[in-house]
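Enquirer: Sharing a sequence plus its predicted fold:
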Amino acid sequence: MIIFLLVFITGIIAGFINTLAGGGSVLVLPVLILAGLPSPIANATNRVAIFIQNVTATHRFHKHRELNIKPVIHISIAAVIGSIIGSLFAVKVDSATFDKILGIVFLGILILMLRPHKRKNRFTKKLPKWVEVTIFLAVGFYGGFIQAGVGFIFLATLNLIEEFNLIKANAVKVFIIMCYTFFAVIIFAISGKIIWKFGLILAAGNMIGAYLGVKAAIRKGEQFVKIVLSAAIIIACFKLFGILKYIGL
């Protein structure tokens with residue numbers, strides 16, 4: 001019960017963070033891994049919650065008229081195709097290899113999180129559609145393969161496509177992730193990679209977090225979230241790289 005409660009609470013926090021910005025899966029995956037799930041199973045199980053979370057967030061953004069789907073149909077389709085390919089790769093990767101890949105990705109995200117932020121320059125020239133499609137094929141592949149930190153990647157790449165404000169960029173982000181995660185869940189479910197009891201408990205928490213996240217603005221406490229995420233990433237990396245075995249954990 002304590003583990004399930006921890007997963008549920010983590011789901012609420014992750015759903016909130018994912019909806020406002022991204023990186024919630026960086027918190028979820030370490031919790032699922034530390035709860036005893038192998039990293040490929042944790043990666044697959046998390047997709048159930050991600051899908052439910054983004055259905056909730058997409059509905060809320062649409063209700064508040066912050067989501068315009070038509071201009072992003074082409075990049076959504078590209079991300080779906082990339083995600084399907086990434087998911088097919090993910091189900092074939094063995095646990096030991098996936099641990100190393102996930103650990104390296106986590107360290108990369110940690111470095112990006114802790115580096116000083118610089119002011120972004122605005123892109124005045126619109127990218128050709130084939131470039132946009134190529135970019136989101138790659139982003140979709142990453143999302144289908146690993147997912148963790150993909151929200152940050154989406155927000156960064158959406159700035160290359162159009163000058164979205166934070167609310168509209170997040171609305172587009174959750175819609176695209178909802179679309180491609182639907183197919184990722186099917187692929188992982190068919191492959192038997194999902195532990196449904198964890199996935200559904202996590203999904204319930206993510207749904208609440210997403211509902212709260214749509215209504216919330218950027219508030220104080222970002223530094224605290226970074227600290228929590230950084231600690232979770234470091235602990236997960238220790239486990240993924242086998243360092244915890246050397247100290248008897």
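Expert: On my side now, so go ahead.
Enquirer: Residues contacting the helix or strand encompassing Gly213, please?
Expert: Element membership for Gly213, per DSSP states H and E: helix 196-215. Here helix 196-215 makes contact (C-beta atoms under 8 Å, 6 or more residues apart in numbering) with 4, 7-20, 24, 28, 32, 35, 37, 45-54, 56-57, 60-61, 64, 174. All C-beta atoms are positioned from the backbone trio N, CA, C, and that covers glycine.
Enquirer: Show the buried residues in those residues.
Expert: 7-8, 10-20, 24, 28, 32, 37, 45-54, 56-57, 60-61, 174 (16 or more other C-beta atoms under 10 Å).
Enquirer: Helices - which of these land there?
Expert: 7-8, 10-20, 24, 28, 32, 45-54, 56-57, 60-61, 174 (DSSP state H).
Enquirer: residue contacts, Arg24?
Expert: Just so we're on the same page, residue 24 is Gly rather than Arg. With C-beta under 8 Å, 6+ apart, Gly24 has these contacts: Ile13, Ala14, Gly15, Phe16, Ile17, Asn18, Gly151, Asn206, Gly209.
Enquirer: Widest-spaced pair of those residues?
Expert: Ile13 and Gly151 (13.7 Å; C-beta to C-beta).
Enquirer: And stretch 139-158, end to end?
Expert: 11 Å (C-alpha to C-alpha, to the nearest Å).
Enquirer: Which helix or strand in this structure has the lowest average pLDDT?
Expert: Within the chain, no helix or strand scores below helix 222-240, which has a mean of 59 by mean pLDDT, DSSP states H and E.
Enquirer: buried ones in stretch 203-220?
Expert: Quick answer for stretch 203-220 (16+ other C-beta under 10 Å): Ala203, Ala204, Gly205, Asn206, Met207, Ile208, Gly209, Ala210, Tyr211, Gly213, Val214.
Enquirer: export those residues to CSV and tack on distance to Ile167 and pLDDT?
Expert: Shown next, in CSV, are the buried residues of stretch 203-220 (distance: C-beta to C-beta, whole Å; pLDDT from 0 to 100):
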residue, distance to Ile167, pLDDT
Ala203, 24, 94
Ala204, 25, 94
Gly205, 23, 93
Asn206, 19, 93
Met207, 20, 93
Ile208, 20, 93
Gly209, 17, 87
Ala210, 14, 87
Tyr211, 15, 86
Gly213, 11, 77
Val214, 9, 78
